[in-house]
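# Pasting the sequence and the predicted model now:
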Amino acid sequence: MNQTIQENIEAKTTTPVQSGPQLTRRDVIKAVGGLAVLGSTQMLSGATAEKEIIPKSLRSSILYPHEGPTRSTRNLSGMWQFKLDPKNEGERSGWYSGLTETRSIPVPASWNDIFDDARNYFDVAWYETEFFVDSGWRDQRIHLRFGAANYRAKVWLNGQLLGEHLGSDLPFAFEVTGTVKHNEANRLLVLVENTPRQDRLPAGEKPKAEAGVPSMVSQQPFPNVHADAFTYAGLHRPVLLFSTPVNYIVDVTVRTSFAGPTGIVDVDFAVDNSWSGSAEIVVESGDGRRTTRVSVQGGHASGQIRIPSVRLWGPSDPFLYRLSVRLGDGEPIDEYRLKIGVRTIEVAGERLLLNGQPVFLKGFCNQEDFPIHGRGLDMPVIVRDFELMKWIGANSFRSHYPYPEEAMILADEYGFLMIDETANHPFFSGPAETVEARRSQHAQALGELIARDKNHPSVIMWCVCNEPFGGLSMLLSPGQGSLESNIAAGVKYLQPLFDYTRKTDPSRLVVLVAAGPGPDEWVGLGDIICTDLYYGWYSFGGQLQDAARGALEAALNQLHEKHKKPIIVTEFGAVSIAGVHSQPADMYSEEYQAEMLEMYFRTFSKYDYVVGGHPYTFADYRTPQAVRLPETMNPKGVFTRDRRPKYAAHRLRELWQKA
């Protein structure tokens, strides 16, 4: 676990940046991903604030680049050139000027299932492509945006370093106005590296077995990582080039509520370069258009629009309004468009209320995984998954890391309620510098997640982390300190994350997902108690109707008595091998999985304070190789990896269609 911590991996530039109130398109502008990344990290880490490498006003926006009258977008995805760098010599040898001896690779995609020699490769690899800039963009500012790269990315354009980004599944962007060439090809090089490390999230490389540690720990998977999902590597989401005017909208925050039949839409927005002037906020739907004019001072403005006879967003009617923010008095200097839903989410006593009415979350945990392209964005798969969730009667799902933005947009349209989660299984042991690096990366990821997804009506909760420290059993492992000290370390780590999230977005709930019913000091931090319970599988296996049911009821009652908050069982389930049947139902059969899930939901229905259940998992997915994972798969899905329903899917449909 003792590793050299990589220094200063936040994205930054190596050349001076011009700043000032009158920015022109010819200024040489470099940018980093995330409007609030530095600010979020500093606030949460408690570290001395660093001198900003780039003024906040010059960072490229990570707003999703919707097209509009003043903006255009080009997708650079497609076939790129690819080269492994197992000796990590490429940067020293100047590969960023151009690659040789390459092979073709699709972007977006994971590289692991495409090339045999890269199946279990996670170290440095290089991508290269060329593009031309549209002639109509000559008087525009030009930006380069990556949807996600796992895990570290370093980017060069025309041989010039743009910067770095650390962290999986979240976007980062660079302004390249002064770097792109017009009327000739631009060469883009990207270094990607996904080495499992203890100072990252999710933390890779399980500790080696030590004296006194139970022998099960020595059954380490390959690759040796903490999570059971395969740690795919590559450029996983689209690479986009987009243009904006010289003065452009860099951030928009929308919060909604309602009073009686009147909807209330509050909008805050920021304009680059401390621009001042007049702006208009517009909300449109089939029944009309509502506007308000606001004054922008120093690059910031706020406004409110009230919608009479509002149509509230929800699973049964996911109605979306069209919102625009327009700069200027006449023809817009810049315009940013997005779709919004008017809805509220809150806890009232022991109930979860959507738009003031009790709601029960029925859905799944889900992994982004499919044969060949791994975790590369696949819109047909996302649409099919959402269609299957509608067919089965689900109204919600939980990700184990930030899902693709394209999926978030689609979730708004389908009306799914989402628990939006950072990519991590945090633990609090190890050298102090490793824990601090892990915490700093966690803080950055949380800030980037909120900045990316804050305007989606589908997002009703921020999940700070999943199964911190791997659960109570790991707290008791030899050599890891006392139970009390580990619990205290967890609170010290987690409390600032909760405080920051609530301050940043008071309109949503904040939770963590615990492995089992404790520790209470961690579980109780959430607005809702979220817990993963596997009675009937990892404990009391084969004893669904007696010991497992009793243990489930006892755990729910214990959590209720302790916290007096709503409870969601965010994971539960059983492995079922497709095609394996038994009567009576035995473990690993499709019948056993179906009976287990039915037992859980019938138990939930006995308690008003249980407000949701998410079986683990929607579909089977690939894992590392391990003794307990046949065919390198986790087959807890109610659908197979290629989306064929198991018996449990039909049983859940019967239950959920009646609810």
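Ah, there it is.
# The stretch 301-450 of the chain: helices as residue ranges?
Remark: helices assigned in the stretch 301-450 of the chain by DSSP state H, counting those that start in this stretch are 379-392, 405-414, 432-453.
# which of the ones you listed is buried the deepest?
Mean neighbours per residue, mean count of other Cβ atoms under 10 Å, is largest over the helices of the stretch 301-450 of the chain for helix 432-453, with a mean of 22. To be clear about C-beta, it is placed using only N, CA and C from the backbone, and glycine gets the same treatment.
# elements contacting the following helix or strand past it?
Using DSSP states H and E, the next helix or strand after helix 432-453 towards the C-terminus is strand 459-466. On a contact count with 3 or more Cβ pairs under 8 Å, 6 or more residues apart in numbering; DSSP states H and E, strand 459-466 meets strand 417-421, helix 432-453, helix 483-504, strand 509-515.
# Any idea which of these gets closest to H563?
strand 509-515 (11.2 Å; Cβ to Cβ).
# Can you give me the buried ones in the following helix or strand past the closest one?
Using DSSP H and E, the next helix or strand after strand 509-515 towards the C-terminus is helix 520-523. Buried residues in helix 520-523, counted by 16 or more other Cβ atoms under 10 Å: W522, V523.
# Let me know the average pLDDT across helix 520-523.
Averaged across helix 520-523, the pLDDT comes to 92.
# what do you get for stretch 177-192?
96.
# so who does the residue nearest to the spatial centre of the chain touch?
Nearest residue to the geometric centre of the chain (Cα atoms, centre = their mean): P402, 1.1 Å. Applying Cβ atoms under 8 Å, 6 or more residues apart in numbering to P402 gives the contacts A148, D169, L170, D420, E421, T422, A423, L449, R452, D453.
# Hmm, R452 and the third one touching each other?
It refers to L170. Yes: using Cβ atoms under 8 Å, L170 is in contact with R452, at 6.4 Å.
# domain ranges for the chain?
Domain segmentation of the chain under automatic domain parsing yields 37-194+232-244, 249-333, 357-658.
# As JSON lines, the ones you listed with distance to K339 would be great.
Shown next, in JSON lines, are the domains of the chain (distance: least, Cβ to Cβ, whole Å):
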{"stretch": "domain 37-194+232-244", "distance to K339": "9"}
{"stretch": "domain 249-333", "distance to K339": "4"}
{"stretch": "domain 357-658", "distance to K339": "6"}
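# Determine which of those approaches L201 most closely.
Closest among the domains of the chain, using Cβ to Cβ: domain 357-658, at 3.7 Å.
# E184 versus L446, what's the distance?
Computed as Cβ to Cβ, to the nearest Å, the L446 to E184 distance reads 41 Å.
# T177 too?
For T177 relative to E184 (Cβ to Cβ), the value is 16 Å.
# now do S302
Where E184 is concerned, S302 sits at a distance of 44 Å (Cβ to Cβ).
# out of these two, which sits in the more crowded spot?
Shown here are S302 and E184; by other Cβ atoms under 10 Å, S302 has more neighbours (13 against 10).
# how close does the more buried one get to F498?
Relative to F498, and taking Cβ to Cβ, S302 is found at 26 Å.
# excluding its backbone neighbours, what's nearest the residue nearest to the centre of the chain?
Closest residue to P402 apart from its sequence neighbours, by Cβ to Cβ, 6 or more residues apart in numbering: D169 at 4.3 Å.
# Let's verify the one you found: helix, strand, or coil?
coil (DSSP: H, G, I helix; E, B strand; the rest coil).
# who touches it in this structure?
Neighbours of D169 in contact, by Cβ under 8 Å, 6+ apart: A148, N150, H236, Y401, P402, Y403, A423.
# Just tell me which of the helices and strands packed on strand 459-466 ends up closest to I340.
Here helix 432-453 is closest among the helices and strands packed on strand 459-466 (Cβ to Cβ), at 13.0 Å.
# picking up where we left off before, identify, from the contacts of D169, the entry nearest to E91.
Out of the contacts of D169, the member with the shortest distance to E91 (by Cβ to Cβ) is N150, at 18.7 Å.
# Give me the phi and psi for the closest one.
phi -100, psi 120 (degrees, to the nearest 10).
# Quick check: it touching A233?
Yes: between N150 and A233 there is a contact at 5.4 Å, judged by Cβ under 8 Å.
# per-residue confidence at L472?
Reported pLDDT for L472: 51.
# What is the neighbour count of the closest residue to E467 other than its chain neighbours?
Take E467 and drop its neighbours on the chain: the residue closest to it by Cβ to Cβ, 6+ apart is A515, 4.0 Å away. Neighbourhood size, A515 [other Cβ under 10 Å]: 20.
# how near is A515 to V491?
Distance from A515 to V491, by Cβ to Cβ: 16 Å.
# what do you get for P645?
For P645, the distance to V491 - Cβ to Cβ - is 42 Å.
# same question, R326
Going from R326 to V491 by Cβ to Cβ gives 46 Å.
# Go through the domains of the chain and name the closest to F222.
domain 357-658 (4.7 Å).
# Who are the contact partners of A555?
Counting by Cβ under 8 Å, 6+ apart, A555 has contacts G516, P517, T531, L533, Y535.
# again, only this time at 6 Å
A555 is in contact with P517, L533, counting by Cβ atoms under 6 Å, 6 or more residues apart in numbering.
# From the contact counts, what lies against the helix or strand hosting A270?
In the assignment (DSSP H and E), A270 maps to strand 262-271. Helices and strands touching strand 262-271, by 3 or more Cβ pairs under 6 Å, 6 or more residues apart in numbering; DSSP states H and E, are strand 249-259, strand 300-307.
# Could you point out which of the ones you listed sits nearest N194?
Relative to N194, the nearest member of these by Cβ to Cβ is strand 249-259, separated by 29.4 Å.
# Go through that closest one and flag the buried ones.
Quick answer for strand 249-259 (16+ other Cβ under 10 Å): I249, V250, D251, V252, T253, V254, R255, T256, F258.
# wait, E350 sits on Y609?
Yes: assessed by Cβ atoms under 6 Å, E350 is found in contact with Y609 at 4.0 Å.
# so what sits against both of those two?
With Cβ under 6 Å, 6+ apart, E350 and Y609 have common neighbours P566.
# Looking at the two, which has the bigger crowd around it?
It is Y609, of E350 and Y609, that has more neighbours when counted by other Cβ under 10 Å, with 20 against 17.
# related to what we said a few turns ago, least reliable of the domains of the chain by average pLDDT, please.
domain 37-194+232-244 (a mean of 87).
# thinking again about what came up before, which one, of the helices of the stretch 301-450 of the chain, ends up nearest to T70?
T70 lies closest to helix 405-414 among those, at 20.5 Å (Cβ to Cβ).
# Name all residues that make contact with P69.
Listed by Cβ under 6 Å, 6+ apart, the contact set of P69 reads E335.
# same question but for F269, I mixed them up
By Cβ under 6 Å, 6+ apart, the residues touching F269 are I249, V252, A301, V325.
# Going by distance to R651, which of these wins?
For those, the nearest to R651 is V252 (43.1 Å; Cβ to Cβ).
# Quick check: the closest one vs F174, distance?
20 Å.
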